[in-house]
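1. Whatever this is, show me its structure:
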Amino acid sequence: MKKIATVLLCISLTAAFTACGKEDGGSAYIYAGEGSFQLLNQEGDSLNCEDGNRPDGTMPVSFQRADKGGYTLEVPYSDSFTYMNTEDASGVRQSFQLWDSFDVYGRTAYSVAGTGISSITVDFSGRISFTGQDMQFTVSLNPSDHFAWGR
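-> Model (predicted):
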């Protein structure tokens with residue numbers, strides 16, 4: 001009985017976080033590593049980054065910061081985001097992080113980093129999927145790990 005109550009509580013909390021993000025419009029925060037990539041949200045909006053140029057596209061960006069490792073972006077909340085590497089993935093380190101609050105302590109946060117990755121899809125229900133060849137990767141569900149910014 002205790003396990004059932006714990007599972008129901010987890011499901012309720014996940015639904016509450018998802019509903020809060022949708023209800024107030026909210027934001028999602030993304031860190032995308034350097035290189036050429038495309039970001040898509042569940043609604044079909046996209047951002048493209050080619051040859052080190054700043055991301056540009058149909059997805060509104062409220063905040064963006066570039067550093068030597070990649071881009072930090074604030075975009076409208078969506079239930080899921082897909083990162084697609086648009087260059088040869090073999091041997092190139094890719095990093096994609098998604099969280100639901102700029103202050104990530106105690107909030108939902110997901111991260112995938114590694115080599116050989118072609119695409120990564122992350123949603124706020126905790127589902128993470130990615131494709132590639134000869135991949136070596138790390139997946140993190142711990143918000144405090146996100147201060148390593150793609151290392």
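
2. those strands in this structure, which residues are they?
-> 27-33, 37-41, 46-49, 56-57, 63-67, 70-76, 80-85, 93-99, 109-123, 128-140 (DSSP state E).

3. what's the most buried one of these?
-> The highest average neighbour count among those, using mean count of other C-beta atoms under 10 Å, belongs to strand 93-99 at a mean of 24. Every residue, glycine included, has its C-beta placed from N, CA and C.

4. Including mean pLDDT, could the strands of the chain go into a markdown table?
-> Output for these, formatted as a markdown table (pLDDT from 0 to 100):
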| stretch | mean pLDDT |
| --- | --- |
| strand 27-33 | 91 |
| strand 37-41 | 95 |
| strand 46-49 | 94 |
| strand 56-57 | 93 |
| strand 63-67 | 88 |
| strand 70-76 | 92 |
| strand 80-85 | 94 |
| strand 93-99 | 88 |
| strand 109-123 | 91 |
| strand 128-140 | 91 |
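
5. mind listing what the residue nearest the centre of the chain touches?
-> Nearest residue to the geometric centre of the chain (C-alpha atoms, centre = their mean): L98, 2.8 Å. By C-beta atoms under 8 Å, 6 or more residues apart in numbering, the contact list for L98 reads 28-30, 81, 109-111, 122, 124.

6. Against N85, how distant is V92?
-> For V92, the distance to N85 equals 7 Å [C-beta to C-beta, to the nearest Å].

7. Now do the shared contacts for the two.
-> Common contacts of V92 and N85, defined by C-beta under 8 Å, 6+ apart, comprise G35.

8. which residues does I117 contact?
-> Neighbours of I117 in contact, by C-beta under 8 Å, 6+ apart: 85, 89, 94, 130-132, 135, 137.
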